[in-house]
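Undergrad: the sequence isn't on hand, but the structure is:
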């Protein structure tokens, strides 16, 4: 389900230009870069950099949240507001998070090219 679209601008739906963002209840932020498949756990500053990249490419932002059927804690809602305020071309809600986004805190890992 696509629930936000920026001013009638076209959306580049190429998977290479997409960004996946998952917000965990503990405040952790998981992203997957569409162009490389790299998987990163980032802070809000890192998220802002990733959001800049997807906005510059007019790419689709894929979004999921842990316990999406409940009210989010304030810190998760604040992070989501950062996403919306970055004005991506479109945000698509995913009901099922990526499996790597659901691993326990002590098993989280960042996978980037060259690792």
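TA: Noted; the coordinates are in hand. Worth saying up front: this structure is predicted, and the values here are computed from it rather than measured.
Undergrad: go ahead and confirm residue 86 touches residue 50.
TA: No. With contact defined as C-beta atoms under 8 Å, residue 86 does not reach residue 50; the gap is 9.3 Å. Every C-beta, even on glycine, is put in place using the N, C-alpha and C of the backbone.
Undergrad: how near is residue 34 to residue 91?
TA: Per C-beta to C-beta, to the nearest Å, residue 34 is found 14 Å from residue 91.
Undergrad: again with residue 32
TA: Residue 32 is 15 Å from residue 91, where distance means C-beta to C-beta.
Undergrad: so, low pLDDT: which residues of the protein?
TA: For the chain, applying pLDDT under 70 flags the ranges 1-13, 114-115.
Undergrad: all strands for the chain, in order.
TA: Here the chain has its strands, by DSSP state E, at 2-5, 19-23, 29-33, 39-42, 60-65, 90-93.
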